[in-house]
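>>> Provide a 3D model corresponding to the input given below.
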Amino acid sequence: MGNNSGVSLEDLCACESHHWYRKFMTECPSGMLTFYEFKKFFGLKNLTPASNAYVQCMFSTFDMNNDGFIDFMEYVAALSLVLKGEVKQKLRWYFKLYDVDGSGCIDREELLLIIKSIRAINGKTDEMSAEDFSNMVFDKIDTNGDGELSYEEFMDGIQNDEELLTTLTESMDLTHIVEKIEAERTDQ
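Residues are numbered from 1 along each chain as shown. You can find the predicted model right below:
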């Protein structure tokens, strides 16, 4: 994670956790974050249907007990994983996020949907189109050529390709969300 505005990983330590808890409880007094509140919490408005579907997938991966809500412990676990997790932990989460239909494999359409949605949410445009990027990923790591990425292909392929690992990690960087929450905290 970058450290552009004084926000660091240490902001999630015990000395700061009360601020995160206060933000969570201010936005979600019931202690149970719904999908609507999740989008509001992270300032995600006016999303395209594809981006909304991606955010729904992200919400579902954070909802670890599948009850339709994110409680504070799930929220902290998710932030900790995304911000501080080891590469393998993050890749496991990315795989689950990209496997939109839960089939245990990622197909080209799923990857393309997620890449387009991430770019729309982050407001980034890259030199390479989402289609070209998806094709490059499959060309590099679909070792058996079946048009799907198994968990093993995904994990091994991404870890063994520095360009893909860097691109994937940067696309999922949530530093801007942490900075936004931290800015709101200091404004209070």
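>>> my read: Tyr151 touches Lys96, true?
No: checked against C-beta atoms under 8 Å, the pair Tyr151 and Lys96 is beyond contact range at 9.3 Å. C-beta coordinates here come from the backbone N, C-alpha and C atoms, glycine included.
>>> check the gap between Cys57 and Arg22 for me.
28 Å (C-beta to C-beta, to the nearest Å).
>>> so these two - more neighbours on which side?
Taking neighbours as other C-beta atoms under 10 Å, Cys57 and Arg22 compare with Cys57 leading, 21 against 12.
>>> before we move on, what SS does the more buried one have?
What DSSP: H, G, I helix; E, B strand; the rest coil gives for Cys57 is helix.
>>> got a pLDDT number for it?
We have a pLDDT of 78 for Cys57.
>>> isn't it right next to Tyr94, touching?
No: if you go by C-beta under 8 Å, Cys57 and Tyr94 don't touch, sitting 11.1 Å apart.
>>> which outside residues touch the helix or strand hosting Tyr94?
Here Tyr94 sits within helix 87-98, counting by DSSP states H and E. Applying C-beta atoms under 8 Å, 6 or more residues apart in numbering, the contact partners of helix 87-98 are 57-58, 61, 81-82, 85, 106, 110-111, 114, 151, 154-155, 158-159, 165, 168-169, 172.
>>> which of these fall within strands?
Under the assignment DSSP state E, the contacts of helix 87-98 contribute Ile106 to strands.
>>> what subset of the contacts of helix 87-98 is buried?
57-58, 61, 81-82, 85, 106, 110-111, 114, 154-155, 158, 165, 168, 172 (16 or more other C-beta atoms under 10 Å).
>>> Phe41: which of those residues is nearest?
Of all the buried ones among the contacts of helix 87-98, Met58 has the smallest distance to Phe41: 12.0 Å, by C-beta to C-beta.
>>> tell me the contacts of that closest one?
Counted by C-beta under 8 Å, 6+ apart, Met58 has contacts Leu97.
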